[in-house]
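Q: heads up, no residue letters with this:
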């Protein structure tokens, strides 16, 4: 550990006004996500989330000088021992002259972007919408966080640009106030002291700045105003569209679609390929086969839908599966092979869903969904999902189609009733969806639930002779099953107590989308009395298991009395913690009491004999709970000892 009397590391200062451009380039590449996050937080919220994202990337990419010469002055990075101790989390950034330079450039241009335009002066480049990067037809915005992130974003939006910059430099960069003043001054702020005083009016919720809510490198995409775009382009494209349609009709046989639809031309002429493309050879299961089968999974689903006899549609679906054309939108969950069928697959569904014709096939390893519009021959889609090892619970439903933010499911033949529930309203009654040929009514999907504040999370509830279970759409073909309880003995979320256990953590499911999730278990592993007579808090770990085995995601969440949502205290990927192989988990959080005192709170799972903290907080406690006074912004490493003598580390 460095002594407080040791000499500070060398860094560029106003008396040493140059920095090597190669170092600046290396710093930009290494710390690009952090620099873009800094720009996103400092840019004025009035720009809108889409423009803030694109502008933040543009400002970071323009942070280097145009000429390969030594760059101009950057603010001094040297500080006292207090400053150095606060920036230890920076992994050497504060002693890197290249990083200091590009950070100053990003901060300067982000502040300039918030300045009002003047009639008597040309606008600065940062005040104009960026030419690049640019995505036509899409709105890009970060993943939504919880209520705490939303509240912080609203408080930051009320600050001036320099005050936002001061808050971000304090929280994201962990700079002491004297260094914040120097960085702001170098970025062109005239009154850094006023900016710091204004930033003092926002609670120091610095940990939230690392939330996905403020991460412009992890984005969601939504279409722009489709109606307006169509109105603006219809007249210009009318003639071209007419010519294209006429040319297509001359080249296609009667009916518009070619025999193989949007499949790529040609395939290997061999018996196996011919057999796999023959609709007459598709496997079809009896509607009652599941009643006497030794195992109940997708292999005993009968073929359903109003188009199971449409050989032309089935031929196109099989041909596109074997060789998707360039216009086909292909997607696959992580770890799912997307090659053609080895032989004739099983037909599960062929029918009309909203405005599309849909075919669902199963080859023993994968579920494959082919969809094409009812009118026209553009916009075909092919989706793959891995389902090997699925049992009765996992094979309860499939996503049949999505339209206007709603989801329709195809349920297993043994499902007797389908309903929808809002996980955030555990005491509310389930609303029946109805089943017609195994197809449910529309249910609000995650596209509507994650735009803006998370105010609901609607899930599918299915009931059969074995009981009731909850399934949630995470953006894939197979919905994820929700369970509660100790890992390895998870129970279905079919009772009021289990529903209440999920309610504070439902919105955290958004972090598990598009990852090939098979099931998610929530386990309340500890309840901790809070200091200063503030009640008791719950510790819950949620673990998402995937179909491929790897790629698991574990979140340790902390829920205080009176709060609607739990806060993510720690997270980790591909770890055995909180799982069937290793059910133990340890996590901690820095918490401020009603009396204004800061504490380190940590909790381990049952079977933990002691918990200790080192680093910014040094404390030990017997049992699985630790409560220790701490300073605001302190960082600590957690270690726990199990009753069998094994050591465990804090999650994350």
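A: Here it is on my side, so go on. Just so it is clear, the structure is predicted and the values come from calculations on it, not from any experiment. Numbering: from 1, shown residues only.
Q: Buried by neighbour count: which residues of stretch 460-471 qualify?
A: For stretch 460-471, a neighbour-count test (16 or more other Cβ atoms under 10 Å) marks 460-464, 469-471 as buried. (Each C-beta comes from the backbone N, C-alpha and C, glycine too.)
Q: my bad, stretch 31-43
A: 31-32, 34-43.
Q: cool, stretch 416-425 as well?
A: Buried-residue list, stretch 416-425, by 16+ other Cβ under 10 Å: 418-424.
Q: Out of these, list just those in strands.
A: In this view, those that belong to strands under DSSP state E are 418-422.
Q: Count residues in the vicinity of residue 526, would you?
A: Residue 526 has 24 neighbouring residues, counting by other Cβ atoms under 10 Å.
Q: How about the secondary structure of it?
A: What DSSP: H, G, I helix; E, B strand; the rest coil gives for residue 526 is strand.
Q: Out of the buried residues of stretch 416-425, the closest to residue 199 would be?
A: residue 424 (32.9 Å; Cβ to Cβ).
Q: Do I have it right that that closest one meets residue 458?
A: No: with contact defined as Cβ atoms under 8 Å, residue 424 does not reach residue 458; the gap is 9.1 Å.
Q: helices and strands around the host helix or strand of residue 58, which ones?
A: Remark: residue 58 resides in helix 49-61, with elements defined by DSSP states H and E. Judged by 3 or more Cβ pairs under 8 Å, 6 or more residues apart in numbering; DSSP states H and E, helix 49-61 is in contact with helix 32-42, helix 97-113, strand 138-142.
Q: Tabulate these (a markdown table), appending distance to residue 200 and mean pLDDT.
A: A markdown table is the format used below for the helices and strands packed on helix 49-61 (distance: least, Cβ to Cβ, whole Å; pLDDT from 0 to 100):
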| stretch | distance to residue 200 | mean pLDDT |
| --- | --- | --- |
| helix 32-42 | 17 | 90 |
| helix 97-113 | 19 | 87 |
| strand 138-142 | 26 | 66 |
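Q: would JSON lines of these with distance to residue 576 be doable?
A: Below are the helices and strands packed on helix 49-61 laid out as JSON lines (distance: least, Cβ to Cβ, whole Å):
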{"stretch": "helix 32-42", "distance to residue 576": "27"}
{"stretch": "helix 97-113", "distance to residue 576": "35"}
{"stretch": "strand 138-142", "distance to residue 576": "30"}
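Q: Who are the contact partners of residue 626?
A: Contacts for residue 626 were tallied using Cβ atoms under 8 Å, 6 or more residues apart in numbering; they are 588, 600-603, 611-613, 619-620, 638.
Q: is the closest residue to residue 349 other than its chain neighbours in a bridge, and if so with what?
A: Nearest residue to residue 349, sequence neighbours excluded (Cβ to Cβ, 6 or more residues apart in numbering): residue 360, at 4.2 Å. When assigned by DSSP bridges, residue 360 has beta-bridge partners residue 349, residue 369.
Q: what about stretch 502-510, distance to the chain center?
A: Centroid separation for stretch 502-510 versus its chain: 13 Å, with Cα atoms, centre = their mean, to the nearest Å.
Q: Distance of residue 558 relative to residue 586?
A: 13 Å (Cβ to Cβ, to the nearest Å).
Q: The two: which has the busier surroundings?
A: Higher neighbour count among residue 558 and residue 586: residue 586, with 29 against 23, using other Cβ under 10 Å.
Q: ok, back up a step: including pLDDT, could the buried residues of stretch 460-471 go into JSON lines?
A: Formatted as JSON lines, the buried residues of stretch 460-471 follow (pLDDT from 0 to 100):
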{"residue": "460", "pLDDT": "94"}
{"residue": "461", "pLDDT": "94"}
{"residue": "462", "pLDDT": "94"}
{"residue": "463", "pLDDT": "93"}
{"residue": "464", "pLDDT": "91"}
{"residue": "469", "pLDDT": "91"}
{"residue": "470", "pLDDT": "93"}
{"residue": "471", "pLDDT": "94"}
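Q: Could you export those as JSON lines, including distance to residue 161 and secondary structure?
A: Converted to JSON lines, the buried residues of stretch 460-471 look like this (distance: Cβ to Cβ, whole Å; DSSP: H, G, I helix; E, B strand; the rest coil):
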{"residue": "460", "distance to residue 161": "45", "secondary structure": "strand"}
{"residue": "461", "distance to residue 161": "48", "secondary structure": "strand"}
{"residue": "462", "distance to residue 161": "51", "secondary structure": "strand"}
{"residue": "463", "distance to residue 161": "55", "secondary structure": "strand"}
{"residue": "464", "distance to residue 161": "58", "secondary structure": "strand"}
{"residue": "469", "distance to residue 161": "50", "secondary structure": "strand"}
{"residue": "470", "distance to residue 161": "45", "secondary structure": "strand"}
{"residue": "471", "distance to residue 161": "46", "secondary structure": "strand"}
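Q: The residue nearest to residue 349 and residue 410 touch, don't they?
A: Yes: in terms of Cβ under 8 Å, residue 360 counts as a neighbour of residue 410; the distance is 6.8 Å.
Q: what residues do these two have in common as contacts?
A: Common neighbours of residue 360 and residue 410, counting by Cβ under 8 Å, 6+ apart, are 348-349, 398, 400.
Q: most neighbours, which of the residues you listed?
A: residue 348 (27 neighbours).
Q: ok, now which ones touch that residue?
A: Counted by Cβ under 8 Å, 6+ apart, residue 348 has contacts 298, 301, 303-304, 360-362, 367, 398, 410.
Q: I'd like to know how many residues surround the closest residue to it other than its chain neighbours.
A: For residue 348, ignoring the flanking residues on the chain, the nearest one in space by Cβ to Cβ, 6+ apart is residue 360 at 4.4 Å. By other Cβ under 10 Å, the residues close to residue 360 number 28.
Q: Show the pLDDT at residue 360.
A: What the model reports as pLDDT for residue 360 is 97.
Q: how much space between it and residue 436?
A: For residue 360, the distance to residue 436 - Cβ to Cβ - is 16 Å.
Q: Residue 616 now?
A: The spacing between residue 616 and residue 436, counted by Cβ to Cβ, is 60 Å.
Q: Quick check on those two: which one has the bigger neighbour count.
A: residue 616 (17 against 8).
Q: From what I see, that one and residue 638 are in contact.
A: No: counting by Cβ under 8 Å, residue 616 stays clear of residue 638, with 11.6 Å between them.
Q: tell me the strands in the stretch 301-450 of the chain, going along the chain?
A: Counting by DSSP state E, counting those that start in this stretch, the stretch 301-450 of the chain has strands at residues 329-332, 346-353, 356-362, 366-373, 381-386, 397-403, 406-411, 417-422, 431-432, 435-436, 439-440, 443-444.
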